[in-house]
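Undergrad: this one's sequence-less:
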């Protein structure tokens, strides 16, 4: 794609090279565990540019570029981002994340996707790095661009990173979402996966089937947005079922589509007597009014709606009560704020996904913490709660936090460059979301790592948007830092 052929809405955006690469990322689907097509495209592009390009055993892509003239003795720098994106869409949206391109719109200085996620997390970081690789006018030392896979679904790429592959000992991660802030630490975490085999029961005669759906919630990133008190559709729907005060059978319950996204929608399929069905709409309206009042100012779009349903079997009474009691009692949200870092969440948990059917059920909890022992403790509580309910629960996918290094030489250089370029003072933050920096740092001890990025809003939810002006500032900062590291 030439610079003159940029499609709308990218054609008017600057820096042109950055947005041209992001347009490519929007055009090629890249769900977690489905990045191969994009990775292969970028590998071939890199080879056509005369760059080094290698793929490791787990699918990570490493691109390399020699130093610019005069920078041969400068330290080697690793630029790092992930290829995959969180795939979330609004109910009724027909977008297929495995085959359809993302179609952004430009509005009031923000590039956004309206009914789906945009993939600015972490596509903008990738695009910035690709633009650096192809620009022959930039001053920089030897560069390595590490593009990992499967970050959003468990950090599989970073977990599989082998020692000795990277040569650089300075790393710039471009996977944070607030311009003007340098990040020096992040939470670690683990998943708790729950599964239970049930005993299906035939739908009792005379029962009428309907669906009850919780929708209209904002959702968002389960690390970045967890402290805002946004509604969890799974928790709210289970609460609504408990509040019906009507006898019902449960045929199915499904909510959430990503472990690291706050659930925006959940649906239960119910079977009730004709007498209960006659009362149901009034009860649902009362519950909706109550929940909307509770979440006023936070989730104004909340909806609890009835529709037709179908079922031939239901959960047994024992399984129904086990699951509803477990989901109702299960923790969700902030457990503790940090006592060392003002305004930063220390430990949290996201009940992100649940799928129940008459014959089986499963759900996922994602636990995060700046303190590894606190993450293990909260995960242990969830496992104990599941044991009391007679459910099998296992921890999985633990990853370490990224411990801050306030004495970071790279941070000092980044802050000095920021001050010089923008005549402003940057801030230093620790983020509750998980970054790959902790895992990479564990494989490469002593690597000096700093993270920054443009301003992104609504990551992991439909409507995700990136501020166009902040992308241009990121480009200015990134190229200036590379020129300074000599």
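TA: Okay, I see it. Note that the coordinates shown come from a computational prediction; the quantities given were computed from them, not determined experimentally. Numbers count the residues shown, from 1 in each chain.
Undergrad: report the longest strand in the chain, please.
TA: Ordering each strand of the chain by length in residues (DSSP state E) puts strand 345-357 first.
Undergrad: SS state for residue 394?
TA: strand (DSSP: H, G, I helix; E, B strand; the rest coil).
Undergrad: give me the number of neighbouring residues for the nearest residue to residue 486 once chain neighbours are set aside.
TA: Using C-beta to C-beta, 6 or more residues apart in numbering and skipping residues adjacent in sequence, the residue nearest residue 486 is residue 74, 4.1 Å away. C-beta coordinates here come from the backbone N, C-alpha and C atoms, glycine included. Residue 74: 20 surrounding residues under other C-beta atoms under 10 Å.
Undergrad: hang on, residue 426 packs against residue 181?
TA: Yes - with contact defined as C-beta atoms under 8 Å, residue 426 reaches residue 181; the gap is 6.6 Å.
Undergrad: for the stretch 51-200 of the chain, which segments count as helices?
TA: 120-134, 156-159 (DSSP state H, counting those that start in this stretch).
Undergrad: what average pLDDT does the shortest one get?
TA: Read that as helix 156-159. Mean pLDDT, helix 156-159: 96.
Undergrad: do the first one as well
TA: Per-residue pLDDT values across helix 120-134 average out to 98.
Undergrad: ok, stretch 358-370 next?
TA: Mean predicted lDDT for stretch 358-370 stands at 97.
Undergrad: go on, stretch 302-320?
TA: On average, stretch 302-320 scores 97.
Undergrad: count the residues that sit near residue 411.
TA: Neighbours of residue 411 using other C-beta under 10 Å come to 20.
Undergrad: so it is in which element?
TA: Element membership for residue 411 (DSSP states H and E) is helix 409-422.
Undergrad: give me phi/psi at residue 402?
TA: Dihedral pair for residue 402: phi -100, psi 110, per degrees, to the nearest 10.
Undergrad: name the nearest residue to residue 444, sequence neighbours excluded.
TA: Spatial nearest neighbour of residue 444, excluding adjacent residues (C-beta to C-beta, 6+ apart): residue 166 at 6.1 Å.
Undergrad: repeat that for residue 34.
TA: Per C-beta to C-beta, 6+ apart, closest to residue 34 is residue 98, 6.1 Å.
Undergrad: from residue 29, how far off is the one you found?
TA: Computed as C-beta to C-beta, to the nearest Å, the residue 98 to residue 29 distance reads 6 Å.
Undergrad: who has more neighbours, those two?
TA: The residue with more neighbours, out of residue 98 and residue 29, is residue 29; 20 against 10, by other C-beta under 10 Å.
Undergrad: ok, that one touching residue 97?
TA: Yes - look at residue 29 against residue 97 with C-beta under 8 Å: they come within range, at 5.9 Å.
Undergrad: residue 201: neighbour count?
TA: 16.
Undergrad: ok, it - contacts?
TA: By C-beta atoms under 8 Å, 6 or more residues apart in numbering, the contact list for residue 201 reads 249, 313-317, 358.
Undergrad: reformat these as JSON lines; add neighbour count and distance to residue 16.
TA: Shown next, in JSON lines, are the contacts of residue 201 (neighbours: other C-beta atoms under 10 Å; distance: C-beta to C-beta, whole Å):
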{"residue": "249", "neighbour count": "22", "distance to residue 16": "59"}
{"residue": "313", "neighbour count": "17", "distance to residue 16": "57"}
{"residue": "314", "neighbour count": "26", "distance to residue 16": "58"}
{"residue": "315", "neighbour count": "26", "distance to residue 16": "56"}
{"residue": "316", "neighbour count": "16", "distance to residue 16": "61"}
{"residue": "317", "neighbour count": "11", "distance to residue 16": "63"}
{"residue": "358", "neighbour count": "23", "distance to residue 16": "55"}
